[in-house]
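>>> Whatever this is, show me its structure:
(2 chains)
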Amino acid sequence: MLDVLVVGSGAAGLRAGLSAKNSVSSVLIASKQFPTRSQTCMAQGGINAALSHSGEDSVEQHFKDTIKAGNDLANEDAVKKLTSNAKEAIEYLESIGVCFSRDENSKIAQRKLGGAYASRACYAQDFTGLKILHTLYDECNKQNIEFKNDYFLLDLLVENNRCFGAIFLDKKTGKVEEIKAKSVILATGGYSKIYGKYSTNSSSATGDALAIAYSNGAKLSDMEFVQFHPTALKNSSILISESARGSGGYLVNSKGERFTDELAPRDIVSRAIDDEIKKGEDIFLDIRHLGEEFIDEELPQERKLAKLYEKIDPVSELIPIKPSAHYTMGGLEVDENSMSSIEALFGVGECANHKVHGANRLGGNSLLELIVFGKEVGENACSFAKNSNLFDAQNVKENILQTIKTYTNEVDFYKEKEALAELFYKNVGISRDESSLNVVLLEISKMKENLPFMGVKDKSEVYNTNLIEFLEFMNILKLSELIVSSALKRKESRGAHFRSDYLSRDDINFQTHSIASLKGNSLNVEFKK
Amino acid sequence: MIIKIRRDSETLEEFEVLLEDNTLLEVLEHIKSTKDATLSYDHSCRSGVCGSCAVRVNSKEELACEYKLKDGDIVEPLKNIKIIRDLVVDNDDAQRFNQKSNAWLESYIKTDVSKEDEKQNELQSDCILCTSCYSACPVYEVNKEFLGPFALTRVWKYVADKREDDIKQKIELIQNNGIWDCTLCGECTIACPQGISPKDDIMMLRSKSGVKGYMDPNFSTMSFGGFDPNGGF
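Predicted structure coming up:
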């Protein structure tokens, strides 16, 4: 039996695996994709650490900015851990060879992102996530870490609230495989892809492990908090990094007027844009004044993507943008050791809720979270495995694939998926209210009833992406109910959660975390005492 | 618009789509969700950084998410790699070659890295492991043990890194089925969607190897006329 099984191979999963391996354990990383395909590669802006390479900064200031941007919902101890370990995290990345951009003093270059008091984000052009992910992957090869690629998570092995492994579908062969482990770390990323084409995320951000953990009895928290990034390309929702605004880019409306502080936190800027759009304005990002040389040096990817998807050159033209779902603050409810409410089941990265982002994440803090908490969760999962009695049980659950085979295939799930995304962007987006949320809830229950009439047209055992996409849709649908129900219960406006029927913040009732869990067969949402 | 997709070695399947000015990936998604759910391809980020959607269009390697489709285009899976299904290929060789050539930082020395130092391997660190370069490589086509373009670029990335203190083993590992087997044809450079030139990196590794006392094995077995104590053997 393995000591530690890591599910997911983005930076959080790789860092966790490396850290577990360092504690001389048997470690396996299983993931639905080849590791370097993970969402982490899309992170552009940077990774925060108060290094003061570019102007004065401090851990205290980083702490303050994070708490403030999170609208006082973040956990102070967790944010202290995050910010005070930031320097060590950067030193680690430097030591394995991440190719950071450098400044005139031969130090790691730092730039300003929204909501930050100082130039705090260490970066590698606009490929920060890509270069961190690939370097971690190389380091995993050096440490000889075992991978199972193209393994899609079907279920967790849980008995008496104790996790002892997971069940996967091997995409390449169509075979189902059980992998038993003394501790399991979930690092499968967020669930922004519920918003479909209105999300900046990769098509894989479907919250698979969260839906599965919830079905097995785990608590999920703060699911209503979804961050909308202010500047995604208008047609494709492809991200234009915050560093474009951090470097001096303007937001303008159709009249060419600026209408907001471009460097405010993301929730505020996104709302300001949304208000303008509702007035009938088109919104643009203007970086022309930064000059071609600067754009090619610092934002090469942005220029390429704007040309390809919007057919404009940012050097001489305005970039049409809209806010899009970008990051999910909610996730697996974990304690200070990163363990979920199920024993031996840990969580890390966007998948988990370490409560470092509160109601709104600060740009540059998510890559940091992956490294800081990735290291820690690997150590914790290891020591848990070492001290645990060997736990082995038989899996008695029917696997979902058998159930899907009975589905009748009369309703096209691709259309349902699109409809859900439209509904979410409109009703569970930047602004919400009770009646629009209730409409979504009703639609979700209809879709759930309709599931047995959907199904998979492709009957092949080998690399059946039709089946994978249906499984992802089922996971999305499961989580959507949690998001909407949590959003309904939070009758206040805070950070990324804006209720047009409850405009102000209500600290007396809601300065706490929502907890969604399964009670019997139905969803229960309550607020943490 | 007609698009032809190779789904097995014998058949090119034709699809008619009413889309204009779309990326190949958008068209593939359209076909899968409306015409044929069995069509298989890989994709993830749709913005050219995850490296999962590389295919060949009219015999040239392209990322499906960055290629604008034209009428009559022929789309095929990458070459020189195990095809799993339709346009999906097996990436596991990528890991094998990176591992075989020690493509990682072996021994770190803490040092300041200047802007100029940074430029030594900035481009190489843009690699997205899409495997297009292996598809285009005529040497890899005939020698499946050849370390190949991206693995060698990755080795150069670390060899060129000021923070790397131990390049000895890396240089040794790339002598056989490595830098000297490359014909410097430059097909990998043309194929790379990130503008990296593995060919140039291989040349850099050759000169580094020369400095370390290694020689082109082809060179030492060649006869150049004149006096030859071994008589050319």
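>>> going forward, measure contacts between C-alpha atoms and count neighbours the same way
OK.
>>> Mind listing residues that contact the helix ranked longest in chain B?
Determined from DSSP state H, the single longest helix within chain B is helix B:198-211. Helix B:198-211 has contacts (C-alpha atoms under 8 Å, 6 or more residues apart in numbering or on different chains) with B:149-150, B:152-153, B:156, B:171, B:179-180, B:182, B:184-186, B:188-189, B:215.
>>> Skip ahead from that helix and say which helix or strand is next.
Remark: after helix B:198-211, the chain's next helix or strand is helix B:217-220, criterion DSSP states H and E.
>>> in what helix or strand does the residue most central in space within chain B lie?
In chain B, the centroid-proximal residue (C-alpha atoms, centre = their mean) is B:C133; its distance is 2.6 Å. Using DSSP H and E, the element containing B:C133 is helix B:132-136.
>>> Please tell me I have it right and B:V155 contacts B:F97.
No. Contact criterion C-alpha atoms under 8 Å: B:V155 and B:F97 do not qualify, at 10.4 Å.
>>> Out of the contacts of helix B:198-211, list just those in strands.
Per DSSP state E, strands hold no members of the contacts of helix B:198-211.
>>> Tell me which entries of these lie within helices.
Going by DSSP H, the helices hold B:149-150, B:152-153, B:156, B:171, B:188-189 from those.
>>> Counting neighbours, which of the residues you listed comes out on top?
B:P149 (32 neighbours; other C-alpha atoms under 10 Å in any protein chain shown).
>>> what's the neighbour count on the closest residue to that residue other than its chain neighbours?
Once flanking residues are discounted, B:P149 sits nearest to B:P198: 5.3 Å by C-alpha to C-alpha, 6 or more residues apart in numbering or on different chains. Neighbour count for B:P198, taken as other C-alpha under 10 Å: 26.
>>> what residue ranges in chain B score low on pLDDT?
B:220-233 (pLDDT under 70).
>>> For it, which segments are assigned as helices?
For chain B, helices defined by DSSP H occupy the ranges B:24-34, B:92-100, B:115-119, B:132-136, B:138-142, B:149-159, B:168-173, B:187-191, B:198-211, B:217-220.
>>> Over to the stretch 201-350 of chain A?
Remark: helices assigned in the stretch 201-350 of chain A by DSSP state H, counting those that start in this stretch are A:208-215, A:243-246, A:266-278, A:292-298, A:300-310.
>>> tell me the contacts of A:G364?
With C-alpha under 8 Å, 6+ apart, A:G364 has these contacts: A:45-48, A:113, A:121.
>>> okay if I get those residues as a markdown table plus distance to A:G429?
Shown next, in a markdown table, are the contacts of A:G364 (distance: C-alpha to C-alpha, whole Å):
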| residue | distance to A:G429 |
| --- | --- |
| A:G45 | 23 |
| A:G46 | 25 |
| A:I47 | 26 |
| A:N48 | 27 |
| A:L113 | 23 |
| A:A121 | 28 |
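>>> And for A:K81, the neighbour number?
A:K81: 15 neighbours (other C-alpha under 10 Å).
>>> In what element of secondary structure is it found?
helix A:76-84.
>>> What are the buried residues along that helix?
A:76, A:78-80, A:82-84 (16 or more other C-alpha atoms under 10 Å in any protein chain shown).
>>> could you point out which element follows it?
helix A:86-96.
>>> Just the C-alphas of that following helix, formatted as CSV.
Provided in CSV are the C-alpha atoms of helix A:86-96 (Å, rounded to 0.1, in the frame of the first residue of the first chain):
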residue,chain,number,x,y,z
ALA,A,86,6.7,33.5,1.0
LYS,A,87,10.4,34.2,0.9
GLU,A,88,11.3,30.6,1.6
ALA,A,89,8.9,29.5,-1.2
ILE,A,90,10.6,31.8,-3.7
GLU,A,91,14.1,30.5,-2.5
TYR,A,92,12.9,27.0,-3.1
LEU,A,93,11.7,27.8,-6.6
GLU,A,94,15.0,29.6,-7.3
SER,A,95,16.9,26.5,-6.0
ILE,A,96,15.2,24.1,-8.4
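>>> So what's the model's average confidence on that helix?
Confidence for helix A:86-96, expressed as mean pLDDT, is 98.
>>> and what of stretch A:396-415?
Stretch A:396-415 comes out with an average pLDDT of 92.
>>> Give the buried residues for that stretch.
Quick answer for stretch A:396-415 (16+ other C-alpha under 10 Å): A:404, A:407, A:409, A:412-414.
>>> Filter those down to just the ones in helices.
A:404, A:413-414.
>>> and the helices of chain B as TSV, adding distance to B:R85?
Below are the helices of chain B laid out as TSV (distance: least, C-alpha to C-alpha, whole Å):
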stretch	distance to B:R85
helix B:24-34	14
helix B:92-100	15
helix B:115-119	39
helix B:132-136	16
helix B:138-142	20
helix B:149-159	24
helix B:168-173	33
helix B:187-191	22
helix B:198-211	28
helix B:217-220	39
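>>> And the furthest pair within the ones in helices among the contacts of helix B:198-211?
B:I171 and B:T189 (21.8 Å; C-alpha to C-alpha).
>>> on that earlier part again, any idea how far the helix holding B:C133 is from the chain center?
5 Å (C-alpha atoms, centre = their mean, to the nearest Å).
>>> so what are the domain limits for chain B?
B:2-89, B:92-211 (automatic domain parsing).
>>> Compare the ones you listed and give me the one nearest A:G248.
domain B:92-211 (22.2 Å).
>>> What is the burial count for the closest residue to A:K171 other than its chain neighbours?
Here the nearest residue to A:K171 in space, its sequence neighbours aside, is A:Y463; by C-alpha to C-alpha, 6+ apart that works out to 4.8 Å. A:Y463 sits with 23 neighbouring residues when counted by other C-alpha under 10 Å.
>>> check contacts around A:N438.
A:L488.
>>> Quick one: residues contacting the residue positioned nearest the centre of chain A.
With distances taken as C-alpha atoms, centre = their mean, A:G190 lies nearest the centre of chain A, 3.3 Å away. Applying C-alpha under 8 Å, 6+ apart, we find A:G190 in contact with A:205-207, A:327-328, A:331, A:350-351.
>>> A:H354 contacts A:M339, doesn't it?
No. Between A:H354 and A:M339 there is no contact under C-alpha under 8 Å: 10.1 Å.
>>> When the two are compared, which one has more neighbours?
A:H354 (29 against 25).
>>> What does the pLDDT read for that one?
98.
>>> and the nearest residue to B:C188 once chain neighbours are set aside, how far is that from chain A?
Residue nearest to B:C188 in three dimensions, not counting chain neighbours: B:C133, with 4.4 Å by C-alpha to C-alpha, 6+ apart. From B:C133 over to chain A the distance is 17 Å, taken as C-alpha to the nearest C-alpha, to the nearest Å.
>>> Residue most distant from the centroid, chain A?
A:K255 (34.7 Å).
>>> Same list, the domains of chain B, but as a markdown table with distance to A:K197 please.
Compiled in a markdown table, the domains of chain B are given as follows (distance: least, C-alpha to C-alpha, whole Å):
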| stretch | distance to A:K197 |
| --- | --- |
| domain B:2-89 | 11 |
| domain B:92-211 | 23 |
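>>> Which one, of the helices of chain B, ends up nearest to A:D65?
Among those, helix B:115-119 sits nearest to A:D65 (C-alpha to C-alpha), with 29.4 Å.
>>> what's the closest one in contact with?
So helix B:115-119 is contacted by A:99-104, A:106, B:161-162 (C-alpha under 8 Å, 6+ apart).
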